[in-house]
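A.B. asks: only the shape, not the letters, is given here:
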């Protein structure tokens, strides 16, 4: 068991480093080529400088960008004593520092982890997740999130989310320019309510024509970087590591059976900020249509459930 766990963590670490390195190299090369096309050799230097600045900003602010995209807030132990107890138990079992805990007001059952490493990790659960899962299922989900921390793949996932957020920022500026188009902080009212059913549909996403065109251009670039940095295998590895950590793969499988259809029913609206962090989630938070399809990195929930049940000894 210990050898298997060590192999999982080594595979996570190697895949994360390779994916993030590839994404940064592609971003730098692309910026240099654009600079050459615009201003020759001097433009190439400027393009590389821009890529370096984007990478630095993403590294420094990736966790805050992801949490703000989901309107998450810190949650105290007085508010959620059971959540804190489970996280402490799992952190101790996994020999990890206890992460910070945040909560998003979204009705969609989902969760994600951001940070640059185990000591800066933050686990965020939606209010919808805490409502629909029982204790064993929540334990399985938290084990999955901590598996991302122990596997050292949260840096790649968080930085790619930060890069995608910065790259798609020009599209978000259009929303600020439209009077009455958004609520406080430029976030639509539907987003503040947590994204109800239908909020993820293409025409109902709240994107204007100019914003949609900008998202098509900048979103495509951001999606390439996310896909380079994050592999669907990341979720399979975290599921397997969570099964080892909690000793209950069936509980996580049960949680996925609830979270996946719940996320489809209460799909989030695919604006630029949330599109950039969708790959961090436990299950895909958007309907697979339009620009959101470009950012889809989650494997099918049914296959994840099948693999978890196979770990428990179920045969089909």
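C.D. replies: That came through fine. Predicted model, so just to flag it, every value in this text is computed and none were measured.

A.B. asks: how long is stretch 237-257 end to end?
C.D. replies: End-to-end distance of stretch 237-257 (Cα to Cα, to the nearest Å): 18 Å.

A.B. asks: quick check: buried residues in it?
C.D. replies: 237-246, 248-256 (16 or more other Cβ atoms under 10 Å). Just so you know, the C-beta spots here come from the backbone N, C-alpha and C atoms, and that holds for glycine as well.

A.B. asks: remind me, longest helix of this structure?
C.D. replies: helix 2-69 (DSSP state H).

A.B. asks: any idea how far it is from the middle of the chain?
C.D. replies: Offset of helix 2-69 from its chain centre (Cα atoms, centre = their mean, to the nearest Å): 16 Å.

A.B. asks: what do you get for stretch 56-71?
C.D. replies: Taking mean C-alpha positions (Cα atoms, centre = their mean), stretch 56-71 and its chain are 11 Å apart.

A.B. asks: could you list the buried residues of that stretch?
C.D. replies: Buried residues in stretch 56-71 (16+ other Cβ under 10 Å): 58, 62-63, 65-67, 69-71.

A.B. asks: still on that earlier bit, immediately after the longest helix of the chain, which helix or strand?
C.D. replies: As assigned by DSSP states H and E, the chain's next helix or strand after helix 2-69 is strand 73-74.

A.B. asks: what's that next one in contact with?
C.D. replies: Outside strand 73-74, the residues that touch it by Cβ atoms under 8 Å, 6 or more residues apart in numbering are 100-103.

A.B. asks: cutoff 6 Å now
C.D. replies: residue 102 (Cβ atoms under 6 Å, 6 or more residues apart in numbering).

A.B. asks: adjacent strands (with direction) for that strand?
C.D. replies: Using DSSP bridges, strand 73-74 pairs in its sheet with strand 100-104 (antiparallel).

A.B. asks: what mean pLDDT does the strand it pairs with have?
C.D. replies: Averaged over strand 100-104, pLDDT sits at 97.

A.B. asks: quick check: angle from that strand to helix 2-69?
C.D. replies: 50 degrees (axes from the mean of the first three to the mean of the last three Cα atoms, to 10 degrees).

A.B. asks: can you give me the buried ones in strand 100-104?
C.D. replies: Across strand 100-104, burial judged by 16+ other Cβ under 10 Å covers 100-104.

A.B. asks: likewise for stretch 45-54?
C.D. replies: Buried residues in stretch 45-54 (16+ other Cβ under 10 Å): 46-48, 50-51, 54.

A.B. asks: now residue 52: closest residue in space, sequence neighbours ignored.
C.D. replies: residue 28 (7.6 Å; Cβ to Cβ, 6 or more residues apart in numbering).

A.B. asks: report the separation between the one you found and residue 22.
C.D. replies: Distance of residue 28 to residue 22, computed by Cβ to Cβ, to the nearest Å: 11 Å.

A.B. asks: also residue 75?
C.D. replies: On the measure of Cβ to Cβ, residue 75 and residue 22 end up 35 Å apart.

A.B. asks: settle it for me: which of these two has more neighbours?
C.D. replies: residue 75 (18 against 14; other Cβ atoms under 10 Å).

A.B. asks: show me the contacts for residue 284.
C.D. replies: residue 298.

A.B. asks: tell me the pLDDT of it.
C.D. replies: In this prediction residue 284 is given a pLDDT of 94.

A.B. asks: quick one: the strands in the chain, in order.
C.D. replies: Using DSSP state E, the strands found in the chain span residues 73-74, 100-104, 111-114, 122-126.
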